[in-house]
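A.B. asks: just the structure for this:
(2 chains)
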Amino acid sequence: MDKSFYKNILVFAEQREGIIQPVALELLGKASELAALVHEKVIALLVGYNIASQAQLLIEYGADEVIVVDDICLKDYLTEPYTQAVSQALDTVKPGAVLFGATTIGRDLAPRLSARLKTGLTADCTGLEIDTETNNLLMTRPAFGGNLMATIICDEHRPQMSTVRPGVMRRAPRDASRKGTITPFAPQFNLSKSRVRLIETVRDDKGKIDITEAKILISGGRGIGTTDGFTKLYALAEAMGSKAEVSSSRAMVDAGLIDHARQVGQTGKTVRPDLYLACGISGAIQHLAGMEEADFIVAINKDKFAPIFQVADVGIVGDVHRILPLLIEKFKAHAVKP
Amino acid sequence: MNIVVCIKQVPDTTEIKINPATGTLIRDGVPSIMNPDDKGGLELALTLKDAFGAHVTVITMGPPQADSMLREAFAMGADRAILLTDRAFAGADTLATSHALAAALKKLPFDLIIAGRQAIDGDTAQVGPQIAELLDLPQITYVVDVQFDGKKTLTVKKETEEGYQLLSVDMPCLFTALASGYAARYMSVNGIVTAYDRQVEILTAADIQADPATLGLKGSPTRVKKSFTKGAKEAGELFEVDAETAADLIFSKLQEKFII
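C.D. replies: Next up, the predicted model:
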């Protein structure tokens, strides 16, 4: 294949019910960095129904061009219509690289596309760089449950595609003065191939919690142990104000003490809060993979050899059940800065 | 109803440790297990078999050692087991793996194909949707519950970030299953007793008549450029103090860092 026909970095700008998802803005931030290195453009592909008004937002976060595919059959995400829309757009635009959020939508759509386009796809990347000589993306991702990092390339096929874990890349500051072009694109749909019917979309309570957006995470592990232990974590989060949320390690989710939506780590969420307070978390590598990028990490654990102390900025060897009530009192006594 | 479940034998990644001196993976003595989401998918198939009667085939692509996992599937209740094994498959990325499995699946009768969402050694979640595309089947991923009308329509609960979706689809189709949706049954005593008397069918690249250019390393658009273990972050300060001092210390550190 002649790779020189393929240029620019395209971001699949995931939206749900017309709302651009945070990961799309994170990907625009990363795509802008990469595109600048190879003097290419950032293109956002916005797919949905009645979503054209969101295009300007994508420009303000780094897109040079937004391609809008607006059709009623794209109102809700369904694999086949979205695959048809995106594959035809990619055939026309011929980007060198395509980035998707590693969400339940991105991870359903991107592999289907990779098989249709006969190109490579790297899943759930946590690092992206670009080789400025070959324009090959260097896609780094965890394997073996986060025990090993692998850098993957797709050097003979275009476009290079990757899904990127939400919460890992940083969005650029919004710039309302940025200018870009908005281009509509109308695919040819063959809806006889769309054989999955959506009956209903149900939001339950877990949708209200987004630990990846919290500035402060109070996180509990095995050392917290019980429902009573978690009550202390919630009390501390409340005392610390609206920026604080409660999260946990996998053990507590498996034990049924807390919802999966609050799980940090390889099989949960990747978080990078300003403060991560690890309470009774020993720090299995799968957990560390999800939180070690936090700006400031405080860990409390009884075991002075717990691996969590290897990544903590401040480590306290002690009993969380005695320290937490004292901390709660301290925070209650002090107003938290807004 | 014919159901084919794609399963994979994987190292139990929760048991893998890093050698702190060399920074390399210690894989010796790490047990091989049936991938948890695949086991959930097999349980889903067996649940449908119990309720409606179905013929359940398990298929895996892997080295000859995967035989033991196929015996486990027999002992759980699978009716037929196929091992897709050939040096021509070596070095396959997800797309090349999907080409091999799709070619083998074309040789089998199926109404429903089930794969686990993702394998714990790679965590890619790509093979299921790629097989569906190569076989031109509708797909539903992240499946945690399936209801069957007894004829051809399946109503499926798909887990999402915000909650779930209810979807319906007619067979033939492909699902990827989550372990959390279907807690796997234990092997039956009779199943264990007979598992080693039963025949695991072996298929090679020649048997499945796939285009050799789509298989193995040659058929893989992606390749690993390098792999490494993450360098440890510099550890911070460690304090062994009483609870009062600890609380004071945490509070003052957070003030110092302007977090509060």
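
A.B. asks: can you give me the neighbour number for residue 253?
C.D. replies: No chain in the question, so chain A it is. By other CB atoms under 10 Å in any protein chain shown, the residues close to A:V253 number 20. (C-beta placed from N, C-alpha, C; glycine too.)

A.B. asks: that was the other one, I meant chain B.
C.D. replies: The number of residues packed around B:K253, counting by other CB under 10 Å, is 20.

A.B. asks: can the host helix or strand of it be found next to chain A?
C.D. replies: Counting by DSSP states H and E, the element that carries B:K253 is helix B:243-256. Yes. Counting by CB under 8 Å from any CB of the partner chain, chain A is contacted by helix B:243-256 at B:A243, B:E244, B:A246, B:A247, B:D248, B:L249, B:I250, B:F251, B:K253, B:L254.

A.B. asks: buried subset of the residues you listed, written for ChimeraX?
C.D. replies: Filtering the residues of helix B:243-256 next to chain A down to the buried ones (16 or more other CB atoms under 10 Å in any protein chain shown) takes a single ChimeraX command:
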select /B:243,246,247,249,250,251,253,254
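
A.B. asks: would you list the residues of helix B:243-256 next to chain A in a markdown table and tack on pLDDT?
C.D. replies: Compiled in a markdown table, the residues of helix B:243-256 next to chain A are given as follows (pLDDT from 0 to 100):
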| residue | pLDDT |
| --- | --- |
| B:A243 | 93 |
| B:E244 | 93 |
| B:A246 | 94 |
| B:A247 | 94 |
| B:D248 | 93 |
| B:L249 | 93 |
| B:I250 | 94 |
| B:F251 | 92 |
| B:K253 | 90 |
| B:L254 | 88 |
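
A.B. asks: of the residues of helix B:243-256 next to chain A, which is the nearest to A:V271?
C.D. replies: B:L254 (17.5 Å; CB to CB).

A.B. asks: thought that closest one was touching A:L275?
C.D. replies: Yes. Counting by CB atoms under 8 Å, A:L275 is a contact partner of B:L254 at 6.7 Å.

A.B. asks: helix, strand or coil for the nearest residue to B:K39 once chain neighbours are set aside?
C.D. replies: Distances taken as CB to CB, 6 or more residues apart in numbering or on different chains put B:A184 closest to B:K39, at 4.5 Å, once the chain neighbours are dropped. Classification of B:A184 using DSSP: H, G, I helix; E, B strand; the rest coil returns coil.

A.B. asks: tell me the contacts of B:A184?
C.D. replies: B:A184 makes contacts with B:K39, B:G40, B:L42, B:E43, B:M76, as judged by CB atoms under 8 Å, 6 or more residues apart in numbering or on different chains.

A.B. asks: what about the last one, distance to chain A?
C.D. replies: Going back to what we said before, that points to B:M76. From B:M76 across to chain A, the span is 22 Å (CB to the nearest CB, to the nearest Å).

A.B. asks: repeat for the fourth one
C.D. replies: In this view, B:E43 and chain A are 18 Å apart by CB to the nearest CB.

A.B. asks: gap between the closest residue in space to that residue that isn't next to it in sequence and chain A?
C.D. replies: Leaving aside its sequence neighbours, B:E43 sits nearest to B:Y182 (CB to CB, 6+ apart; 3.9 Å). Separation of B:Y182 from chain A (CB to the nearest CB): 16 Å.

A.B. asks: B:Y182 against B:D37, yeah?
C.D. replies: No. Counting by CB under 8 Å, B:Y182 stays clear of B:D37, with 9.4 Å between them.

A.B. asks: neighbour count for the two, which is higher?
C.D. replies: Set B:Y182 next to B:D37 and count neighbours by other CB under 10 Å: B:D37 wins out with 26 against 23.

A.B. asks: shouldn't the more buried one be within a strand?
C.D. replies: No. Secondary structure of B:D37 (three-state DSSP): helix, not part of a strand.

A.B. asks: my read: it touches B:R117, true?
C.D. replies: Yes. Counting by CB under 8 Å, B:D37 touches B:R117, with 4.6 Å between them.

A.B. asks: start and end of stretch B:236-245, how far apart?
C.D. replies: 18 Å (CA to CA, to the nearest Å).

A.B. asks: also stretch B:103-122?
C.D. replies: First residue to last in stretch B:103-122 (CA to CA) measures 22 Å.

A.B. asks: so what's the gap between that stretch and the chain middle?
C.D. replies: Offset of stretch B:103-122 from its chain centre (CA atoms, centre = their mean, to the nearest Å): 10 Å.

A.B. asks: can you point out the buried residues in it?
C.D. replies: Residues B:103-105, B:110-122 are the ones in stretch B:103-122 that count as buried (16+ other CB under 10 Å).
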